[in-house]
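Q: Here is the input, now give the coordinates:
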Amino acid sequence: MGAKLRVAGWIALGTVAGALATMQLQAIARSSVSQLPYEELQQLANVFDMVKKDYVEAVDEKKLITDAITGMVAGLDPHSQYFDKKTFKEFREGTTGKFVGVGIEIGMEDGLVKVVSPIEGSPAFRAGLKSGDLITKIDDTVVKGLTMDQAVKRMRGEPSTKVVLTIFRKAENRSFPVTITREEIRVQSVRAKLVEPGYGWIRVSQFQDRTVDDFVRKVDEIYKQEPNLKGLVLDLRNDPGGLLEASVAISAAFLPNDAVVVTTNGQIAESKAVFKASPEFYLRRGGADPLRKLPEALKTVPLVVLVNEGSASASEIVAGALQDHKRATVMGAQTFGKGSVQTVRQLSPETALKITTARYYTPTGKSIQAKGIVPDVMLDETAEGNLFAALRVREADLEKHLISGQGAEQKDAARDKAREDARKRLEEEAAKSTTPPKPLPEFGSTEDFQLAQALNRLKGKTVAVSKTLTERKPEVETN
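A: A predicted model of the protein is given here:
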């Protein structure tokens, strides 16, 4: 078990759950109810009554109803979900980029929480936490054995409450406690820097409410440092998605005005739509166009988009649009393959339904669902190859995933076996070795192999193309 936990920790930095859906927020309810199947509803009522009367102990009626709704929606596809009070609050935190906590971006290393980066200005930043610090205890709870989600929940809490983190700092070979007062944190979903003279790197880790404004600010900073930018890398690796409008805006930053970014199609009228690279398609609450501040040169600067198996949903919209319009070279690994749109309908002030209402298509009409974006240039994760790629789950591996009908990838028994074999092999190696395998380098660092290859592409130099990665197996059409 110990080895298995360690392996899970090593791959956490390079994996994605695909939990955040591309969505359109709608706080509405249907004014009319379609014809109901009364016989089936009567059966549901009978079961409810039997459970209430005959179960071995008293049951909570509200919980029974909530569980029934949850089960009904969960049976549709992996991304439709009923939000109760708690999960709806967490969902809104994810899309607004605001939550109450200490303010760190985290990963896992050898079963411990690793500080990838303290968020600038946050309580953790002010307390002196550094990239690479390992958190070994949260209050009195030992981190070893916790999942990343469990660790996150323990660090979050109510404003003005305190949490004690025990830190192990490798560089100083010491452990020490840090008491941090929680406060509201605004997640920075965009990071950027001038990698070297003439070449910039901008990373979008998630598409949230503030992503477009943050993107514009970061691009402006790059151009102030380097007015004659020769090339730019847009890094969407491990970006699980987020808001549809934000992905349209980021695409529009690089595309000609009115170019098609994405189309959607579903059962209801509002799901049949075309989104273009102009303000009316990405301004959610009116106001001035944030993209008006961008330098005109951004429309023509040579561009590489980096993606991997963790790039999902909204990030696939951006990669697909820029690829189809031949505005960028897409490099990396085939993406997650979440090509569906979720609409959030508020049922009460504290509950909501997130339901899949459409599939989306790239400008040339390709469905990404269960297939993903195939890069123009396949890259390995490191110079040594792909240590953990076989372990990663993609949309086609999820139970009840939608099929695109355009040759999208199906659940593949051979791929499932390869993943399990790779997991066992890593666990066996971990059990034999006294040192864990080297974790993947931080995105944007000097050790970032894929970023180095993207820069080579922009400079016209030789790129170390993967010799092992191939396009995923397409579905077998049946009559």
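Q: State which strand of the chain is the longest.
A: If you go by DSSP state E, the chain has its longest strand at strand 351-361.
Q: Output it as PDB, restricted to C-alpha atoms.
A: Presented in PDB, the C-alpha positions along strand 351-361 are these (Å, rounded to 0.1, in the frame of the first residue of the first chain):
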ATOM      1  CA  THR A 351     -28.500  24.200  -4.900                       C
ATOM      2  CA  ALA A 352     -28.100  23.700  -8.600                       C
ATOM      3  CA  LEU A 353     -28.000  21.200 -11.500                       C
ATOM      4  CA  LYS A 354     -25.000  21.000 -13.800                       C
ATOM      5  CA  ILE A 355     -26.200  19.200 -16.900                       C
ATOM      6  CA  THR A 356     -24.600  18.400 -20.200                       C
ATOM      7  CA  THR A 357     -26.500  20.400 -22.800                       C
ATOM      8  CA  ALA A 358     -24.300  20.300 -25.900                       C
ATOM      9  CA  ARG A 359     -21.300  18.900 -27.700                       C
ATOM     10  CA  TYR A 360     -18.800  21.400 -29.000                       C
ATOM     11  CA  TYR A 361     -16.900  21.400 -32.300                       C
END
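Q: After it, heading C-terminal, what element do we hit next?
A: strand 377-378 (DSSP states H and E).
Q: Show residues contacting that next one.
A: Under the contact criterion Cβ atoms under 8 Å, 6 or more residues apart in numbering, strand 377-378 has outside partners 329, 330, 331, 332, 333, 453, 457, 463, 465, 466, 469, 470. The way it works is simple: take the backbone N, C-alpha and C, and place the C-beta from them, glycine included.
Q: List the strands paired with it, with their directions.
A: Note on strand 377-378: by DSSP bridges, its sheet partners are strand 329-332 (parallel).
Q: Show me which positions of the helix or strand that the strand it pairs with is followed by end up buried.
A: Remark: after strand 329-332, the chain's next helix or strand is strand 340-348, criterion DSSP H and E. Within strand 340-348, the residues that qualify as buried are 340, 341, 342, 343, 344, 345, 346, counting by 16 or more other Cβ atoms under 10 Å.
Q: can you give me the helices for the stretch 151-300 of the chain?
A: Ranges of helices in the stretch 151-300 of the chain, per DSSP state H, counting those that start in this stretch, are 211-225, 244-252.
Q: Quick check, pLDDT for residue 401.
A: pLDDT, residue 401: 81.
Q: From what I see, it and residue 78 are in contact.
A: Yes - Residue 401 lies in contact with residue 78 (Cβ atoms under 8 Å); the separation is 5.9 Å.
Q: out of the two, which sits in the more crowded spot?
A: Just comparing residue 401 and residue 78: by other Cβ atoms under 10 Å the higher neighbour count belongs to residue 401, 22 against 19.
Q: Can you pull the poorly scored residue ranges out of the chain?
A: 1-34, 286, 387-392, 404-420, 422-423, 426-427, 429-431, 433-439, 472-479 (pLDDT under 70).
Q: Got the domain ranges for it?
A: Following automatic domain parsing, one finds the domains of the chain at 98-186, 190-459.
Q: Single out the most deeply packed of the helices of the stretch 151-300 of the chain.
A: Counting by mean count of other Cβ atoms under 10 Å, helix 244-252 has the highest mean neighbour count of these, with a mean of 28.
Q: In CSV, list the C-alpha atoms belonging to that one.
A: Presented in CSV, the C-alpha positions along helix 244-252 are these (Å, rounded to 0.1, in the frame of the first residue of the first chain):
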residue,chain,number,x,y,z
LEU,A,244,-16.7,28.9,-22.0
GLU,A,245,-16.7,32.7,-22.5
ALA,A,246,-13.1,32.9,-21.1
SER,A,247,-11.9,30.3,-23.6
VAL,A,248,-13.5,32.3,-26.5
ALA,A,249,-11.8,35.5,-25.3
ILE,A,250,-8.4,34.0,-25.0
SER,A,251,-8.8,32.5,-28.5
ALA,A,252,-10.0,35.9,-29.8
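Q: Quick one: list the elements packing against that helix.
A: Contacts defined by 3 or more Cβ pairs under 8 Å, 6 or more residues apart in numbering; DSSP states H and E place helix 244-252 against strand 23-26, helix 211-225, strand 260-265, strand 273-276, helix 314-324.
Q: As TSV, these with distance to residue 197 would be great.
A: Shown next, in TSV, are those (distance: least, Cβ to Cβ, whole Å):
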stretch	distance to residue 197
strand 23-26	40
helix 211-225	9
strand 260-265	32
strand 273-276	35
helix 314-324	25
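Q: of all those, which lies closest to residue 238?
A: Closest approach to residue 238 among these is made by helix 314-324 (8.8 Å; Cβ to Cβ).
Q: For the closest one, enumerate the helices and strands it packs against.
A: helix 244-252, strand 260-265, strand 303-307, strand 329-332.
Q: Figure out how far the last one is from the centre of its chain.
A: Okay, so that is strand 329-332. Distance of strand 329-332 from the chain centroid (Cα atoms, centre = their mean, to the nearest Å) equals 18 Å.
Q: Between the two ends of stretch 93-106, what distance do you get?
A: Terminal residues of stretch 93-106 lie 17 Å apart, using Cα to Cα, to the nearest Å.
Q: gap between it and the chain center?
A: Relative to the chain's own centre, stretch 93-106 is displaced by 14 Å; criterion: Cα atoms, centre = their mean.
Q: Same question for stretch 350-370.
A: In terms of Cα atoms, centre = their mean, the centre of stretch 350-370 is set 15 Å apart from its chain centre.
Q: in that stretch, what's buried?
A: 352-363, 366-370.
Q: can you check stretch 253-271 too?
A: Buried-residue list, stretch 253-271, by 16+ other Cβ under 10 Å: 253, 254, 255, 259, 260, 261, 262, 263, 264, 266, 271.
Q: contacting residues for residue 64?
A: Contact analysis of residue 64 by Cβ under 8 Å, 6+ apart lists 48, 51, 52.
Q: For residue 213, which non-adjacent residue is spatially closest?
A: Spatial nearest neighbour of residue 213, chain neighbours left out: residue 290 (5.5 Å); criterion: Cβ to Cβ, 6 or more residues apart in numbering.
Q: I meant to write residue 85 there.
A: Nearest non-adjacent residue to residue 85, counting by Cβ to Cβ, 6+ apart: residue 350, 4.3 Å away.
Q: how far away is that neighbour from residue 61?
A: 18 Å (Cβ to Cβ, to the nearest Å).
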